[in-house]
Structure formats: structure tokens, C-alpha cells
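Colleague: After the sequence you'll find the predicted model.
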Amino acid sequence: MNFFKLKEHNTTVKTELSAGFTTFLTMMYIVPVNGFILADAGLPMDAVVTATAIITILATLFSGLWSNTPIAMSVGMGLNAYFSYGLVLGMKIPWETALGIVFLSGILFVILSLTNFRVWIMTSIPMSLRRAISAGIGSFIAFIGLKQMGMISASEATLVTLGDFSNSNVLLGVLGLILAFSFYAYRIKGAFILSIAITSIVAWILGLGALPQSVISTPASISPIFMELDILSAFTLSLLPVIITFLITDMFDTLGTLTGVGTRAKLFQENNKNDKSLQKTLEADAIATTAGALVGVSTTTAFIESASGVEEGGRTGLTAVFTAMFFVTTLFMLPLFKAIPANAIYPVLVVVGVLMFTELGKINFEDSDLATSAGAFLIVILMPLTFSITNGIAAGFLVYTIIKLAKKEFSDLNIGILVITFISALAFIL
Ligand SMILES: Nc1nc2[nH]cnc2c(=O)[nH]1
């Protein structure tokens, strides 16, 4: 096992196995949840479940073997919701074109990951705005989750209002939400998949959903979505702001995740010039996104849930290899996943939204200038209000730059901010 340098990382095969299993338990919910979310965009759920499992296995295996880090990868929550509800259902973009958008953002990420962009981002894009993007996506997917569950609904008079809590499906969602929050609060491994399982069983007992026909089956074919992406239709000026949204969301998210998880486990020896693991993990993430679009899923990214395996002592790529191996089981669980009622799934969006929103607490609003606080605020509030991650980012960067220009604080502006601001303006003009 010298390939993984277990001794140097002070770990053993047994520790890595248990860490790999823990990461698997905490993130396996993504296979049925992503199946539901992309199916809402019209992709066949059976194929999406297989594709999600395949890309998770391949990307996580690649991450482990290529970068020797315990970072698992899968289809990111946030961008998958934006893909379905924002692009396909909201903007009426065909899902094939939306996959083309993911592909192009992935190619740009691959190119950037081979350059020194990491240092460039760290030094040129304000940390507060990057944090606001995470928090904004959190509020956006929580909004989607609440809407899908029927806990909030449309109103002529006030745009949105409280849903109908006498509806039994809404009440099922309430149960799912209570369970997901409670299990997570107790740091139970697999909190999300457990809450989904219990809510589903309650629904089956109460007749709110049909029992699974069988427990396991052979994997469904991915042919309805494999290589179905439409790159040419995505390659237009009017979609550039959306492509850039996918690119910067994935880049900032991955950098944030790797820094967060890595610091805890002292994974990346940034001062050691021979340590290329951070660079290689970024490359793996970028390549995985591109490959994912070809297979038929939205952006693949380094999962924050990898932290749970690191907490268990996982330190090397062997943890990721074990996680990938456990994911093979999800290929055969389609009948179970298909029998899950929707309102057992959507509570997870709300809880993941809450977790992402906590990034906002790291922004020091008291000491921030108006450009930063107004920019961060607009990013967070406009993502749910306009149902668009692109509009949120665009408004935030535009207002940030305008206030900086108005105050003649030119030294706070740099080429990175100006480029994003310019593309942001396109989002509103085109
Ligand atoms: N970092 C990260 N972790 C996740 N876990 C589930 N979805 C995501 C995501 O989009 N980003």
C-alpha cells in the first residue's frame, strides 16, 4: 500500500476503510436525490440514477488515485437544482443544451486548472463575495425545496405565501424535515439517507406512496442521456453569463471545500513545492465535470461530505477508493430509489441549504464597506427571488463595482472583478 503512502500519513487500511464507508453513508443520498432533481427537468430518472452512480464512482476513484486525497466527488447540489429549475424549467433551455453549458464550463475549468488561477482567485476575488455565493445558493436550494414540498406556494397578492399544511404530502415533508434536521443535529452518519428511508416507510404505511416492486435490479441503461449534450446550442453569447456562473460556482466551491476539508486534515502542504495534491484534486474536479456532462449529469464537484471521512481518520486516496467501491452498490438500488416519495427527498434540499448558508456568518458585515455588504446582500437575496444563481452573482458584482467606482476606490478593483462585472452586465442586457 505504499502507493497511498499510508505510513507517512499516519493511517492504516482499516482506518481508511472505515473513513471511506463513513463518507459513502453521508453522501449516498445524492444518487436518489439527483435522480429526482434532474428528472424534474425531463431527463429519465432511471438513466440519471445510473449516470450519477457511475460518475460518482469514476470521479471519486480518479480523485483518490490521481491526487491521493480522501476527497469524494459527485454531482453537486445547488448547480443540479439550478440546472433543472432555473435553466430547463425557468429559462426553457432544453436539457441537452443545459448539458452543453455544463460541458463548456468544465472545459474552461480544465484549462484554468492547468494555470495558476488558484492564486489569482485567492488574491483578486473578494472572499466575502465568494462566501456570499455559497450562502446565496443555500438560500436558493432551500427555497426550491420548500416550494417543491408545497410548504410555500404562489400568491397573486404577495408572490409567495405559506403552503397548505392540511395537505398530507406537505405534512410528510414536515416529518422528513424534522428527521433530517434532528439526525444531522446528532451528527448521525448517513443522517440524510436515514431520514429519507424513515419518511418513505411512513409514507408507504400510510398509503402516500407505492411500495417498491423489488429491492434490487440490474442498472438501467444510460443511453437516453449519454452523449446527448448539445454543445453548439450552448455556445452562444446570450448563454455566456450562465456558462460563467457554472464555471465560477464550481471553481469557488471546490476551492472552498478543499481548503475547508484540507485544513482539518492537513492534507495540502501548500508550502511544500513537491506537494501537488491540491492542484491535482482541482484537475480531477474539472475533468469530472466535463466527463459528467458527457455521461448526462450536471456539474460534478468535490463534496463537502468528504469531511466526515476525514473526521474518521481518512487521510489518503485509499479512503476515496473505498468510498467509490461502496458506491457500486447504488447501481443496483433503482427499485428502492424509485419508490421514494418526492416529499421524502425535498427536505434534504432545505437542510443542505441551511448548511451552505452558514458561510454567511464568516462575512464580517460590521467592518465591511458598503460595496461588500450590498454586493453580498444582493447575491444572497436575488438568487431565490429571481430563481437564478446567475442573476444573483451578476447583481452582486455589478453593485460592488459601481460603488467602488463611485467612491473612486480604484485600487480595490482588478481585472478579475472587472471581467466578472462585464459578463454580469451581459446577463441583464442579453
Ligand atoms: N462542496 C459541495 N459539497 C456538496 N455536497 C452536496 N452538494 C455539494 C456541492 O455542490 N458542493
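Modeller: Received it, and whenever you're ready, just let me know what you need.

Colleague: OK, now which residue of this structure is nearest to the ligand?
Modeller: residue 76 (2.7 Å; C-beta to the nearest ligand atom). For every residue, glycine as well, the C-beta is placed using N, CA and C.

Colleague: Can you tell me what sits against the helix or strand containing residue 320?
Modeller: Applying DSSP states H and E as the criterion places residue 320 in helix 317-327. Helix 317-327 has contacts (C-beta atoms under 8 Å, 6 or more residues apart in numbering) with 1, 4, 6, 13, 16-17, 19-21, 23-24, 27-28, 31, 53, 56-58, 60-61, 63-72, 306, 309-310.

Colleague: buried set for the following helix or strand past it?
Modeller: Moving toward the C-terminus from helix 317-327, the next helix or strand (DSSP H and E) is helix 334-338. Within helix 334-338, the residues scored as buried using 16 or more other C-beta atoms under 10 Å are 334, 336-338.

Colleague: if we look at helix 334-338, which residues are touching it?
Modeller: 31-32, 35, 45-46, 49-50, 212-217, 219-220.

Colleague: Just the CA trace of the helix or strand immediately after that helix in the chain, in PDB.
Modeller: Next along the chain after helix 334-338, taking DSSP H and E as the criterion, comes helix 342-357. The C-alpha coordinates for helix 342-357 follow below in PDB (Å, rounded to 0.1, in the frame of the first residue of the first chain):
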ATOM      1  CA  ALA A 342     -40.900  13.200  -3.600                       C
ATOM      2  CA  ASN A 343     -41.500  14.700  -0.200                       C
ATOM      3  CA  ALA A 344     -39.100  12.400   1.500                       C
ATOM      4  CA  ILE A 345     -36.400  13.800  -0.900                       C
ATOM      5  CA  TYR A 346     -37.000  17.500  -0.900                       C
ATOM      6  CA  PRO A 347     -36.400  18.200   2.800                       C
ATOM      7  CA  VAL A 348     -32.700  17.400   2.000                       C
ATOM      8  CA  LEU A 349     -32.500  20.500  -0.200                       C
ATOM      9  CA  VAL A 350     -33.700  22.600   2.700                       C
ATOM     10  CA  VAL A 351     -31.100  21.100   5.200                       C
ATOM     11  CA  VAL A 352     -28.200  21.300   2.600                       C
ATOM     12  CA  GLY A 353     -29.400  24.900   2.000                       C
ATOM     13  CA  VAL A 354     -29.000  25.700   5.700                       C
ATOM     14  CA  LEU A 355     -25.600  24.200   5.800                       C
ATOM     15  CA  MET A 356     -24.400  26.200   2.800                       C
ATOM     16  CA  PHE A 357     -26.000  29.400   4.300                       C
END
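
Colleague: What's the per-residue pLDDT of the nearest residue to residue 278 once chain neighbours are set aside here?
Modeller: Nearest residue to residue 278, sequence neighbours excluded (C-beta to C-beta, 6 or more residues apart in numbering): residue 268, at 4.1 Å. pLDDT recorded at residue 268 is 79.

Colleague: how far away is residue 268 from residue 23?
Modeller: 18 Å (C-beta to C-beta, to the nearest Å).

Colleague: ditto for residue 278
Modeller: 19 Å.

Colleague: Looking at the two, which one has more neighbours?
Modeller: residue 23 (31 against 20; other C-beta atoms under 10 Å).

Colleague: wait, doesn't that one sit right on residue 73?
Modeller: No - under the criterion of C-beta atoms under 8 Å, residue 23 makes no contact with residue 73, lying 10.7 Å away.

Colleague: Tell me the residues of this protein that contact the ligand?
Modeller: 76-78, 253, 257, 301-305 (C-beta under 6 Å from any ligand atom).

Colleague: Could you pick out the longest helix of this structure?
Modeller: Secondary structure assigned by DSSP state H gives helix 240-265 as the longest helix of the chain.

Colleague: Centre of the chain to that one, how far?
Modeller: Here helix 240-265 is found 9 Å from its chain centre; the criterion is C-alpha atoms, centre = their mean, to the nearest Å.

Colleague: same question, stretch 43-61
Modeller: With C-alpha atoms, centre = their mean, you get 15 Å for stretch 43-61.

Colleague: quick check: mean pLDDT across it?
Modeller: 98.

Colleague: Tell me where the stretch 51-200 of the chain is predicted with low confidence.
Modeller: Regions of the stretch 51-200 of the chain meeting the criterion pLDDT under 70 are absent.

Colleague: filter the contacts of helix 317-327 to the buried ones?
Modeller: For the contacts of helix 317-327, buried by 16+ other C-beta under 10 Å: 4, 6, 16-17, 19-21, 23-24, 27-28, 31, 53, 56-58, 60-61, 63-72, 306, 309-310.
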